[in-house]
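**Q** here are the coordinates; sequence isn't available:
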């Protein structure tokens, strides 16, 4: 009984020692961390491809050259949330995560916006991303994107037109076939890569039905009479295709 009691006392004492050391360590290292100085800004880009609108250096310079520059400051005086909000205000950034590491670095994880298509219209030149956000033109962006020309309302570009470009992108045949999209008001005209003709889509309603009719016409019609027989192929009318001879 005495041995059992002594064992219980020993276990309780060891437990108190461990807990006490844990509390001491937490306070000690927390205090140490708070007085530590940030010595660097490290940027991590979440995107795995190399076709980037922004670079690590771009984000790093943006933070360091701003009023939020953390380098040389005590870590407990750095407002990481404010820096995160500041980075996310950049139009080319979709999401950012900012935090301090135990080694005294400010880490900035960034997910960039990915352009879906390029607008070269009367209202200016810009990218539209997958979320419908307009991005400033970057002439050095290496990827060839669908080009849209004409008079384009921004609301139309961000919604119906974006959904239409996504539809073309998700269909390998049309992704390979369509070279350019022209917008006139709310009506759309397509310029194909194969064949010297224009395709009048009309409004972007019943897109799937219209393009299925055209695909069938390509296979059963143009393959017989030749791809340069017509100058205009119109899909504007319900359940029919109207062609204008060259």
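**A** In hand now; what should we look at? Keep in mind that this is a model prediction, so the values were computed, not measured.
**Q** drop to CA atoms for contacts and neighbour counts, all remaining ones
**A** OK.
**Q** Tally up the residues packed near the closest residue to residue 132 other than its chain neighbours, please.
**A** Of all residues beyond its chain neighbours, the one nearest residue 132 is residue 158 (4.1 Å), with distances taken as C-alpha to C-alpha, 6 or more residues apart in numbering. Each residue near residue 158 was counted by other C-alpha atoms under 10 Å, and the total is 17.
**Q** Which residues are in contact with residue 158?
**A** Residues near residue 158 by C-alpha atoms under 8 Å, 6 or more residues apart in numbering: 128, 131-134.
**Q** Which among those residues count as buried?
**A** The neighbour count (16 or more other C-alpha atoms under 10 Å) marks 128, 132-134 as buried among those.
**Q** Identify the farthest-apart pair in these.
**A** Using C-alpha to C-alpha, the pair of these lying farthest apart is 132 and 134, separated by 6.5 Å.
**Q** Downstream of the least confident helix or strand in the chain by mean pLDDT, the next helix or strand is which one?
**A** Within the chain, no helix or strand scores below helix 2-35, which has a mean of 47 by mean pLDDT, DSSP states H and E. Sequence order places strand 40-45 as the next helix or strand after helix 2-35, per DSSP states H and E.
**Q** hmm, back to that, out of the buried ones among the contacts of residue 158, flag the one nearest to residue 96.
**A** Sorting the buried ones among the contacts of residue 158 by distance to residue 96 puts residue 133 at the head of the list, at 16.5 Å, by C-alpha to C-alpha.
**Q** Quickly note the distance from the nearest residue to residue 133 once chain neighbours are set aside to residue 189.
**A** In space, and not counting its chain neighbours, residue 133 is closest to residue 158: 6.6 Å by C-alpha to C-alpha, 6+ apart. Using C-alpha to C-alpha, to the nearest Å, one obtains 18 Å as the distance from residue 158 to residue 189.
**Q** can you check residue 172 too?
**A** 19 Å.
**Q** Those two - which one has more neighbours?
**A** Set side by side, residue 172 and residue 189 show more neighbours around residue 189, with 23 against 10, by other C-alpha under 10 Å.
**Q** Quick check: that one touching residue 199?
**A** Yes: proximity of residue 189 to residue 199 meets the contact threshold set by C-alpha atoms under 8 Å, at 5.5 Å.
**Q** Residue 84 falls within a helix, correct?
**A** Yes: Residue 84 forms part of a helix when assessed by DSSP: H, G, I helix; E, B strand; the rest coil.
**Q** Need the distance between the two termini of stretch 76-93.
**A** The first and final residues of stretch 76-93 sit 26 Å from each other (C-alpha to C-alpha).
**Q** Next: stretch 236-246.
**A** 19 Å.
**Q** returning to that earlier point: okay, the buried ones among the contacts of residue 158 in TSV with distance to residue 206, pLDDT and secondary structure next?
**A** What follows is the buried ones among the contacts of residue 158, written out as TSV (distance: C-alpha to C-alpha, whole Å; pLDDT from 0 to 100; DSSP: H, G, I helix; E, B strand; the rest coil):
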residue	distance to residue 206	pLDDT	secondary structure
128	23	94	strand
132	21	95	coil
133	25	94	coil
134	26	92	strand
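**Q** Tell me the one of those nearest residue 180?
**A** For residue 180, the nearest member of those is residue 128. The distance, counting by C-alpha to C-alpha, is 15.1 Å.
**Q** Who are the contact partners of the residue lying closest to the closest one once chain neighbours are set aside?
**A** Spatial nearest neighbour of residue 128, chain neighbours left out: residue 134 (4.7 Å); criterion: C-alpha to C-alpha, 6+ apart. Applying C-alpha under 8 Å, 6+ apart to residue 134 gives the contacts 126-128, 158.
**Q** Sweet, I'm off.
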